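Give me a 3D structure for the following:
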Amino acid sequence: MNILFIHQNFPGQYGGLAAALLKRPDCQVMALGDPENISKRAQIPGLNVVGYAPPKTPSVHTHHYVRPLEGAVRRGQAVARACMALKARGFTPAVIYAHPGWGEALFLKDIYPDAKVMLYCEFYYGAHGLDVGFDPEFPASLDDALRVRIKNATNLLSLSACDSGISPTLWQRDTFPAEYRPRIAVLHEGIDTALVCPDAGAQLPLTKNGLTLSAQDEIITYVARNLEPYRGFHILMRALPEIQRRHPRAHVIIVGAEAGSYSPAPPKGQTYKQKMLAEVGAQLDMKRIHFMGQVPYDTLLRIYRISSAHVYLTYPFVLSWSLLEAMAAGCAVVASHTAPVEEVVTDGLNGHLVDFFDPARLAACIGETLTSRNTEMRLQARRTVVERFDLQTVCMPRQLELLGIR
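Model (predicted):
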């Protein structure tokens, strides 16, 4: 069976599945991606990853609602040309996996009409009840609502030309229109719980500070791709003065870049880190707050393993891998009482849930977690991921079943 993966940032969500299929003698696997992105990513040994021609940026004269769609069409055209080149070389996939978000799936059926196209249905945008307008600190306008409706054009066009979809959580699946949900399987890409596991002896050297932290210390951890409101960075920062007052020996490890992924842009010339330090920095002991930026994966695992309380906050939006990885590593999680989190975390059983907008309650709950060192909650957190999201025993068998492979 010939299988093609398409993701502008390959491997993206397809790393585990692509690696597993590559080992099978009955499968020939290839991948397409944006050459600028894939050149920066560790690739799967033995897998042929082809870069498609970088698409031109949308015109500045295009209406701002339509600019993302123009970009998606241009990217879709670049992918279509790359697929035609693969076809000319004799590679015709039976199955294509693609993420619809950037337009890569728009024209696949036109090039390969007989291929089964399976979309990664990550999120369907909405102007009400989801991320847009959730945070009153960043109110949504009518213009935002109209723009979001048009933003779904790429999703809808891709859905109309696919055979089926996969969504990592039920809540994310249910953001899609009801008429498409029966074709979307709920199946997470999986967490390697053999790799992401507790280690009581883990240590984290902080060479700049001359410190080595371990699980014997009081460690509060926070992990996000970028430090921004969508992942509650502003709420955490407002909780830190009270946390530090109550716990004078606690260290805070914050992982994430200072760029933006999803949130509105901060004031011109600032990052959200700078903005929040200007707001609360005078109340903080910065010697006990460690901004790590982006870290290598082995360092990230060490951070999870020494954590006393792991904070995960999010708008009603895509559930992060970091939450499931933290739970798999046996973290005591303090998370936001928001819909995507509630699908995984049960308050008092495998973690704590707090109101997203309540820094005082967040500080109190973190303090309670530091004091209690709840071993059973940590065990339940890991058990949840092993039983529901383990790559090898749960998610991979279901992925192969969807492919018709035993």
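
which strands and helices sit next to the helix ranked longest in the chain?
Secondary structure assigned by DSSP state H gives helix 67-88 as the longest helix of the chain. Helices and strands touching helix 67-88, by 3 or more C-beta pairs under 8 Å, 6 or more residues apart in numbering; DSSP states H and E, are strand 2-6, strand 28-33, helix 108-111, helix 142-151, helix 153-160. Placement of C-beta: from N, CA and C, glycine included.

between those, which gets nearest to Gly367?
Ranking the helices and strands packed on helix 67-88 by proximity to Gly367 (C-beta to C-beta) places helix 142-151 first, at 36.7 Å.

hey, where'd the strands end up in the stretch 251-400 of the chain?
Assigned by DSSP state E, counting those that start in this stretch, the strands in the stretch 251-400 of the chain fall at 251-257, 289-293, 309-312, 333-336, 352-354.

rewinding a little: for His247, which of the helices and strands packed on helix 67-88 is the nearest?
Counting by C-beta to C-beta, His247 lies closest to helix 142-151 out of those; the figure is 39.1 Å.

Name the surrounding residues that touch the closest one.
Under the criterion C-beta atoms under 8 Å, 6 or more residues apart in numbering, residues 64-66, 68-69, 125-128, 132-133 lie in contact with helix 142-151.

Stretch 332-347 now?
So stretch 332-347 is contacted by 169-172, 232, 307-319, 323-324, 326-327, 350-356, 362, 365-366, 369, 373-374, 377-378, 381, 384, 388 (C-beta under 8 Å, 6+ apart).

my guess is Pro55 meets Ala72, correct?
No: the pair Pro55 / Ala72 is not scored as a contact, 9.1 Å apart, by C-beta atoms under 8 Å.

These two - which one has more neighbours?
Remark: of Pro55 and Ala72, Ala72 carries more neighbours, 25 against 20, as counted by other C-beta atoms under 10 Å.

hmm, back to that, Tyr97 is nearest to which of the helices and strands packed on helix 67-88?
By C-beta to C-beta (comparing all of those), the closest turns out to be strand 2-6, at 4.9 Å.

Now do the closest one: which elements does it pack against?
On a contact count with 3+ C-beta pairs under 8 Å, 6+ apart, strand 2-6 meets helix 15-22, strand 28-33, helix 67-88, strand 95-98.

Turn the ones you listed into TSV, including distance to Phe138 and mean pLDDT.
Putting these into TSV (distance: least, C-beta to C-beta, whole Å; pLDDT from 0 to 100) gives the following:
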stretch	distance to Phe138	mean pLDDT
helix 15-22	33	95
strand 28-33	32	96
helix 67-88	19	97
strand 95-98	31	98
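
Output those in a markdown table; the columns should cover distance to Gly46.
Below are the helices and strands packed on strand 2-6 laid out as a markdown table (distance: least, C-beta to C-beta, whole Å):
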| stretch | distance to Gly46 |
| --- | --- |
| helix 15-22 | 6 |
| strand 28-33 | 9 |
| helix 67-88 | 18 |
| strand 95-98 | 18 |
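
Most tightly packed of the ones you listed?
Ranked by mean neighbour count under mean count of other C-beta atoms under 10 Å, these are led by strand 95-98, which reaches a mean of 24.

And for Val223, the neighbour number?
Residues within reach of Val223, counting by other C-beta under 10 Å, total 25.

Let's verify it: helix, strand, or coil?
Classification of Val223 by DSSP: H, G, I helix; E, B strand; the rest coil places it in strand.

which residues sit in contact with it?
The neighbours of Val223, taking C-beta under 8 Å, 6+ apart as the test, are 255-256, 300, 303-304, 310, 312, 320, 322, 326.

Tell me which residue is most central in the chain.
Ser320 (3.8 Å; C-alpha atoms, centre = their mean).

returning to what we had before: could you check the angle the longest helix of the chain makes with strand 2-6?
150 degrees (axes from the mean of the first three to the mean of the last three C-alpha atoms, to 10 degrees).

And the contacts of helix 67-88?
The list of residues contacting helix 67-88 from outside it, by C-beta under 8 Å, 6+ apart, reads 4, 6, 8, 30, 32, 50, 52-59, 62, 102-108, 110-112, 150-151, 153-154.

Which members of those residues are classed as buried?
Listed as buried from the contacts of helix 67-88 are 4, 6, 8, 30, 32, 50, 52, 55, 58, 102-108, 111-112, 150-151, 153-154; burial here means 16 or more other C-beta atoms under 10 Å.

Please report the distance of the residue nearest to the centre of the chain from Gly330.
Ser320 sits 18 Å away from Gly330, going by C-beta to C-beta, to the nearest Å.

and what of Asn155?
For Asn155, the distance to Gly330 (C-beta to C-beta) stands at 36 Å.

And for Ala363?
Distance, Ala363 to Gly330, by C-beta to C-beta: 23 Å.

just Gly76 next, same as before
Relative to Gly330, and taking C-beta to C-beta, Gly76 is found at 43 Å.

Ok, Tyr120 next?
Where Gly330 is concerned, Tyr120 sits at a distance of 28 Å (C-beta to C-beta).

what about those two, which has more around it?
Gly330 (25 against 22).

For the more buried one, which residues are in contact?
Listed by C-beta under 8 Å, 6+ apart, the contact set of Gly330 reads 197-198, 304-305, 378-379, 381-382.

pretty sure Ser320 contacts Tyr312?
Yes: look at Ser320 against Tyr312 with C-beta under 8 Å: they come within range, at 7.1 Å.

which residues are in contact with both of these two?
223, 231.

beta partners of Ile166?
Beta-bridge partners for Ile166, by DSSP bridges, are Tyr120, Ala185.

measure it to Arg406 for me?
Computed as C-beta to C-beta, the Ile166 to Arg406 distance reads 19 Å.

In terms of neighbours, single out the busier of the two.
Ile166 (22 against 6).

ok, now which ones touch that one?
With contacts defined as C-beta under 8 Å, 6+ apart, Ile166 is in contact with 118-121, 184-187, 402.

And for Gly293?
Contact analysis of Gly293 by C-beta under 8 Å, 6+ apart lists 255-258.

can you give me the helices in the stretch 301-406 of the chain?
Remark: helices assigned in the stretch 301-406 of the chain by DSSP state H, counting those that start in this stretch are 321-328, 339-342, 359-372, 375-389, 396-403.

Can you say which of those is packed in most?
Neighbour counts (mean count of other C-beta under 10 Å) averaged over each of the helices of the stretch 301-406 of the chain peak at helix 321-328, with a mean of 24.
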